[in-house]
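Colleague: Okay, sequence plus prediction incoming.
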Amino acid sequence: MADLHAPQQPEIAPLAPGLRSETFPAAMDADGKTVTAQTAAFARTAEQGFYEPWFSDEQVNRIGQILVKDEQTLTAVYVDQQSAADESWGNALEQVGFDPAHPVGTFVDYDKTLNAGGPDGPLPARLITVVTVNPSFRRRGILKHLMTSALSRAVEDGMAVAALTVSEGGIYGRFGFGCATREANIQVDLGEGHGQGFALRNTPAGRVISADPAKLDEVINTSFESFHNRTRGSIGRQQTYQMISTARWNPEDLSAWNRKLRAAVHVREDGSIGGYVTFQHEGWDTDPSTIRIHDLIAADDQSHLALWDYIAGLDIVRRATMRTAALTDPLQSALANPRSYKVTGLRDLLWVRILDVVKALEARAWSADGAFRLELEDAMGITGGSFTVRVHDGAATVTPAAPADEESTEDLPTLQLSVETLGSLYLGDVSVRTLHAAGRLQDTAAEDVEQISRIIDLPTPPFCATHF
Ligand SMILES: CC(=O)SCCNC(=O)CCNC(=O)[C@H](O)C(C)(C)COP(=O)(O)OP(=O)(O)OC[C@H]1O[C@@H](n2cnc3c(N)ncnc32)[C@H](O)[C@@H]1OP(=O)(O)O
């Protein structure tokens with residue numbers, strides 16, 4: 001008998017007449033130096049979709065190579081001028097020199113891992129990025145086709161979760177994605193000279209050593225791996241990070257190397273590497289003189305503070321800024337004067353789509369032992385239904401349950417929510433109580449909220465340090 005609770009592939013939304021889609025791997029030419037014409041044309045369409053400057057062929061080739069290195073799967077939508085339903089539209093495209101080899105829609109997916117805090121470590125996640133539609137082809141269902149196809153493939157491949165970062169907050173909820181992590185922009189005032197404005201209550205152990213970013217490949221890899229394994233909400237990094245953090249690639253203009261980038265590494269007292277920071281001086285015309293931190297990845301909290309102490313100790317610098325700080329950054333509480341740390345902005349980063357509720361919940365962290373019933377609604381029909389969740393010693397067992405209206409011998413508190421809301425709850429960014437107050441828990445009874453919250457809500461928010 002078919003397992004009615006197994007994830008189901010969603011129906012794939014059709015493309016409008018005259019459009020066709022093709023899925024292919026990002027690939028290099030036989031010479032191994034340039035990406036294929038199809039991959040390069042894909043990168044060109046993405047560049048237009050995100051309103052980037054016209055890239056040179058060399059820059060396009062660099063983007064293509066990044067896609068290749070992470071074995072990314074590209075799906076492109078092309079105009080089939082021959083079969084275009086509206087002939088005058090086909091003629092108009094021809095008149096303006098439209099090249100049918102250039103797609104009008106782009107979509108990338110690839111696999112990394114997501115740390116959901118569970119006992120068995122990070123779980124595989126299907127990541128979605130570079131979603132663009134040529135402005136002249138928007139609002140005709142191209143995204144809907146690309147997304148339903150991609151989620152269908154992800155279910156077929158047995159993925160428990162998909163994730164993306166969004167350009168606009170109103171697009172992806174309809175596909176079951178919920179906002180799951182946030183990050184802060186911070187500004188730290190350093191005062192004049194070390195210790196004047198910035199002083200840690202305790203001096204971190206070990207040494208921080210200035211380093212050439214180009215020589216840090218191994219340090220970057222091992223530091224990130226430790227960080228990823230200890231940080232709920234972390235997503236595995238694509239090759240782009242390695243290229244940027246080692247200064248081989250300048251993200252601002254895609255030129256060959258970033259001459260401004262500097263780095264430092266924390267070496268613990270026992271000689272092991274604790275983490276690294278990459279940063280640049282904003283220029284002598286900035287007032288106050290400012291260091292921008294690009295990336296600060298530490299394997300432990302002492303190393304995190306030690307790297308900040310190094311930045312604060314740089315002579316002539318009065319301010320440090322960072323766009324990717326954790327909401328639980330320990331720095332503010334470690335400062336003698338916590339006011340020198342200011343949060344200047346807050347934004348969502350990771351959005352999560354649960355594809356297999358059993359696998360996903362069993363890979364998650366929990367706060368307390370207990371059991372509850374889950375009534376999950378999934379409008380795309382992928383993973384909805386009734387489940388019993390039992391948590392014991394920090395690990396969950398999730399089993400299909402009879403529908404709520406059928407007789408049940410067990411009296412368990414019941415959580416009713418949509419798959420989008422479960423995505424927001426998954427990594428612990430928002431609490432059961434807050435979602436209940438927001439009216440997002442449908443018919444969940446107020447008296448059940450307290451019990452369920454004790455099991456689900458996690459003590460700290462998650463943190464994802466990876467943009468993609
Ligand atoms: C994961 C990432 O890569 S995030 C980056 C997304 N890309 C961008 O922001 C680049 C600029 N924008 C675009 O390229 C396109 O407008 C896209 C990709 C956002 C949307 O593509 P389209 O093909 O126009 O979307 P499509 O027609 O399939 O719309 C699907 C649904 O989303 C809705 N939608 C599309 N764009 C938006 C938007 N910007 N805001 C709110 N809703 C939107 C549509 O109204 C439609 O709703 P429905 O389900 O009620 O019918």
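Modeller: Perfect, thanks for sending it.
Colleague: how about the residues of the stretch 151-300 of the chain that lie near the ligand?
Modeller: 164, 166-168, 170-171, 174 (C-beta under 6 Å from any ligand atom). To be clear about C-beta, it is placed using only N, CA and C from the backbone, and glycine gets the same treatment.
Colleague: neighbour-wise, which of those leads?
Modeller: When neighbours are counted by other C-beta atoms under 10 Å, residue 164 leads those with 22 neighbours.
Colleague: circling back to that earlier point, just the residues of the stretch 151-300 of the chain next to the ligand now: which is nearest residue 80?
Modeller: Checking these against residue 80 by C-beta to C-beta gives residue 171 as the nearest, at 26.1 Å.
Colleague: shaky segments in the chain?
Modeller: For the chain, the stretches flagged by pLDDT under 70 are 1-4, 81-86, 193-196, 403-409.
Colleague: how is it carved up into domains?
Modeller: With domains defined by automatic domain parsing, the chain comprises 19-159, 183-348, 357-456.
Colleague: Turn those domains into a markdown table, including mean neighbour count.
Modeller: Below are the domains of the chain laid out as a markdown table (neighbours: other C-beta atoms under 10 Å):
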| stretch | mean neighbour count |
| --- | --- |
| domain 19-159 | 18 |
| domain 183-348 | 18 |
| domain 357-456 | 18 |
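Colleague: In JSON lines, list those domains along with distance to residue 465.
Modeller: Output for the domains of the chain, formatted as JSON lines (distance: least, C-beta to C-beta, whole Å):
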{"stretch": "domain 19-159", "distance to residue 465": "11"}
{"stretch": "domain 183-348", "distance to residue 465": "6"}
{"stretch": "domain 357-456", "distance to residue 465": "13"}
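Colleague: residues near the nearest residue to residue 158 once chain neighbours are set aside, how many?
Modeller: Nearest non-adjacent residue to residue 158, counting by C-beta to C-beta, 6 or more residues apart in numbering: residue 356, 7.5 Å away. Other residues near residue 356 number 22, with proximity taken as other C-beta under 10 Å.
Colleague: which residues sit in contact with residue 356?
Modeller: Applying C-beta atoms under 8 Å, 6 or more residues apart in numbering, we find residue 356 in contact with 7, 155, 158-161, 383.
Colleague: for those, which one is nearest residue 29?
Modeller: For the contacts of residue 356, the closest approach to residue 29 (C-beta to C-beta) belongs to residue 159, at 30.5 Å.
Colleague: and the closest one, helix, strand or coil?
Modeller: Secondary structure assignment for residue 159 (DSSP: H, G, I helix; E, B strand; the rest coil): coil.
Colleague: Isn't residue 107 up against residue 74?
Modeller: Yes: look at residue 107 against residue 74 with C-beta atoms under 8 Å: they come within range, at 7.4 Å.
Colleague: re earlier: can you list the contacts of residue 356 in CSV and add distance to residue 299?
Modeller: Formatted as CSV, these follow (distance: C-beta to C-beta, whole Å):
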residue, distance to residue 299
7, 35
155, 35
158, 31
159, 28
160, 27
161, 25
383, 34
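Colleague: The residues you listed: which two are farthest apart?
Modeller: Pairwise over the contacts of residue 356, using C-beta to C-beta, the maximum falls at 158 and 383, 12.4 Å.
Colleague: what ranges do the helices span in the stretch 351-468 of the chain?
Modeller: Applying DSSP state H, counting those that start in this stretch to the stretch 351-468 of the chain gives helices spanning 357-362, 419-426, 432-437, 446-456.
Colleague: ok, now the chain?
Modeller: Secondary structure of the chain (DSSP state H): helices at 37-49, 57-69, 87-95, 142-156, 217-230, 239-245, 301-312, 331-334, 357-362, 419-426, 432-437, 446-456.
Colleague: For the residue nearest the centre of the chain, give me its contacts.
Modeller: Residue closest to the average C-alpha location in the chain (C-alpha atoms, centre = their mean): residue 350, at 4.0 Å. For residue 350, the contact set (C-beta under 8 Å, 6+ apart) comprises 163-165, 179-181, 233, 235, 427, 462, 464.
Colleague: on that earlier part again, turn the helices of the chain into a markdown table, columns for distance to residue 15.
Modeller: Below are those laid out as a markdown table (distance: least, C-beta to C-beta, whole Å):
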| stretch | distance to residue 15 |
| --- | --- |
| helix 37-49 | 16 |
| helix 57-69 | 23 |
| helix 87-95 | 15 |
| helix 142-156 | 5 |
| helix 217-230 | 37 |
| helix 239-245 | 30 |
| helix 301-312 | 48 |
| helix 331-334 | 49 |
| helix 357-362 | 30 |
| helix 419-426 | 25 |
| helix 432-437 | 36 |
| helix 446-456 | 40 |
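Colleague: looking at the ones you listed, which is closest to residue 346?
Modeller: Relative to residue 346, the nearest member of the helices of the chain by C-beta to C-beta is helix 331-334, separated by 14.1 Å.
Colleague: which strands and helices sit next to that closest one?
Modeller: For helix 331-334, the packing partners by 3 or more C-beta pairs under 8 Å, 6 or more residues apart in numbering; DSSP states H and E come out as helix 301-312.
Colleague: now for the helix it packs on, which elements pack on it?
Modeller: Packing partners of helix 301-312 (3+ C-beta pairs under 8 Å, 6+ apart): strand 207-211, strand 262-267, strand 273-281, strand 290-298, strand 319-325, helix 331-334.
Colleague: if you set the cut-off to 7 Å instead, what comes out?
Modeller: strand 207-211, strand 262-267, strand 273-281, strand 290-298, helix 331-334 (3 or more C-beta pairs under 7 Å, 6 or more residues apart in numbering; DSSP states H and E).
Colleague: export those to a markdown table and tack on distance to residue 387?
Modeller: Formatted as a markdown table, the helices and strands packed on helix 301-312 follow (distance: least, C-beta to C-beta, whole Å):
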| stretch | distance to residue 387 |
| --- | --- |
| strand 207-211 | 48 |
| strand 262-267 | 44 |
| strand 273-281 | 39 |
| strand 290-298 | 36 |
| helix 331-334 | 38 |
